[in-house]
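Novice: just a sequence and a predicted model for now, questions to come.
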Amino acid sequence: MKVTILLENTSMYSKYLNSEHGFSAWIEDEDVKVLLDCGYSDKFIKNAEALGIDLRQADYVVLSHGHWDHTGGLKYLIQYYKENAMARKPVLLFTSDDIFLKRYEFNWNTQVGLDVSREVMEQWFDVRVTPEPLWLTDNLCFMGLTERTNDFEHIHPQTSRQLRDGRWCDDVVDEDTQLAYLHKNKKEVSVVATCAHYGICNIMEYAKKLTGAGQIHTYLGGSHLRIDEVPQSQVDKTCEYVKSQHIKNFYICHDTDLHCKLALWNATPSSEAGTGLVMELV
């Protein structure tokens, strides 16, 4: 499997690529190509072009959840398809219709949710709502909805609110998902996540359960650990778990503040992630 980060909060040194608060990755395994999230704007498209990646070749487009820093670029992808003669509809995967919930950040006085309707999606994609795991290749798995296995993650809601049944409610992002890759040795699994709203410990445990692997080889993605949103006790317990896993490659990035990045980096040997990172796993 080959992973290329098309968009992240920061760019890798001397890559000269666009960055913004958002996430997008291009994933290739066997002959299958997956676009995971679309960032906030059209920057992921410009970066893909600069890297020689043809987004028209995507077999799957996966939306991890409904926040604008992961779905805002979808309308630009559709425009790109319009302008570049798409010959077929990629499969568009997400776990729940919750992705369409209106979301609002009252502190900023702005909407922060998905701004493309299902009707528009269906013009350009084969839309599939898939809460269950789905194997995209023999080794690459869309994880669906994550199982919770601990009592400290996926508890604290976002500062944004979601409109459900006419009421503004806590935004707990229950629809969040990610990808797992079972290595050829069948003993190790790697995870490509985006925000990790369920928590990286829950996610890694579920990845091991889905694949039957006993060891985490690589974790790449965010952690949604920010000390202004979660208690220090959650950071500490996450670090304890990460330290116990003896992860070979640990790339923590999007939606993790500096305090929590430093804590995680001290818990396990870590590497820098950013726009332009290319990683190959076997």
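Specialist: Nice, I can see it. Numbering: from 1, shown residues only.
Novice: longest helix of this structure?
Specialist: helix 232-245 (DSSP state H).
Novice: so, low pLDDT: which residues of the chain?
Specialist: Nowhere does the chain drop to pLDDT under 70.
Novice: all helices for it, in order.
Specialist: So, for the chain - with DSSP H - the helices run 43-50, 68-71, 74-83, 118-124, 200-211, 232-245, 258-267.
Novice: can you pull up the most central residue in the protein?
Specialist: Thr194 (2.2 Å; Cα atoms, centre = their mean).
Novice: so who does that residue touch?
Specialist: Going by Cβ atoms under 8 Å, 6 or more residues apart in numbering, Thr194 touches Phe23, Ala25, Leu36, Asp37, Ser64, His65, His70, Asp176, Gln178, Gly221, Gly222, His254. Placement of C-beta: from N, CA and C, glycine included.
Novice: and with 6 Å instead?
Specialist: The neighbours of Thr194, taking Cβ atoms under 6 Å, 6 or more residues apart in numbering as the test, are Phe23, Asp37, Ser64, His70, Gly221.
Novice: same question, Thr275
Specialist: Counting by Cβ under 6 Å, 6+ apart, Thr275 has contacts Ile5, Leu7, Glu8, Ser11, Leu17, Ser19.
Novice: could the helices of the chain go into JSON lines alongside distance to Ala58 and mean neighbour count?
Specialist: Below are the helices of the chain laid out as JSON lines (distance: least, Cβ to Cβ, whole Å; neighbours: other Cβ atoms under 10 Å):
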{"stretch": "helix 43-50", "distance to Ala58": "10", "mean neighbour count": "20"}
{"stretch": "helix 68-71", "distance to Ala58": "15", "mean neighbour count": "24"}
{"stretch": "helix 74-83", "distance to Ala58": "9", "mean neighbour count": "17"}
{"stretch": "helix 118-124", "distance to Ala58": "11", "mean neighbour count": "14"}
{"stretch": "helix 200-211", "distance to Ala58": "23", "mean neighbour count": "22"}
{"stretch": "helix 232-245", "distance to Ala58": "31", "mean neighbour count": "16"}
{"stretch": "helix 258-267", "distance to Ala58": "30", "mean neighbour count": "16"}
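Novice: do you know which of those helices lies nearest Asn150?
Specialist: Proximity to Asn150, assessed across the helices of the chain by Cβ to Cβ, is greatest for helix 200-211 (5.7 Å).
Novice: what is that closest one packed up against?
Specialist: strand 179-182, strand 188-192 (3 or more Cβ pairs under 6 Å, 6 or more residues apart in numbering; DSSP states H and E).
Novice: mean neighbour count for those - can I get that in JSON lines?
Specialist: Formatted as JSON lines, the helices and strands packed on helix 200-211 follow (neighbours: other Cβ atoms under 10 Å):
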{"stretch": "strand 179-182", "mean neighbour count": "26"}
{"stretch": "strand 188-192", "mean neighbour count": "25"}
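Novice: the stretch 1-150 of the chain: strands as residue ranges?
Specialist: 2-7, 24-29, 32-36, 60-62, 91-94, 102-105, 110-111, 126-129, 134-135, 140-142 (DSSP state E, counting those that start in this stretch).
Novice: in JSON lines: the ones you listed, plus mean neighbour count.
Specialist: What follows is the strands of the stretch 1-150 of the chain, written out as JSON lines (neighbours: other Cβ under 10 Å):
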{"stretch": "strand 2-7", "mean neighbour count": "25"}
{"stretch": "strand 24-29", "mean neighbour count": "23"}
{"stretch": "strand 32-36", "mean neighbour count": "23"}
{"stretch": "strand 60-62", "mean neighbour count": "25"}
{"stretch": "strand 91-94", "mean neighbour count": "22"}
{"stretch": "strand 102-105", "mean neighbour count": "18"}
{"stretch": "strand 110-111", "mean neighbour count": "12"}
{"stretch": "strand 126-129", "mean neighbour count": "14"}
{"stretch": "strand 134-135", "mean neighbour count": "15"}
{"stretch": "strand 140-142", "mean neighbour count": "22"}
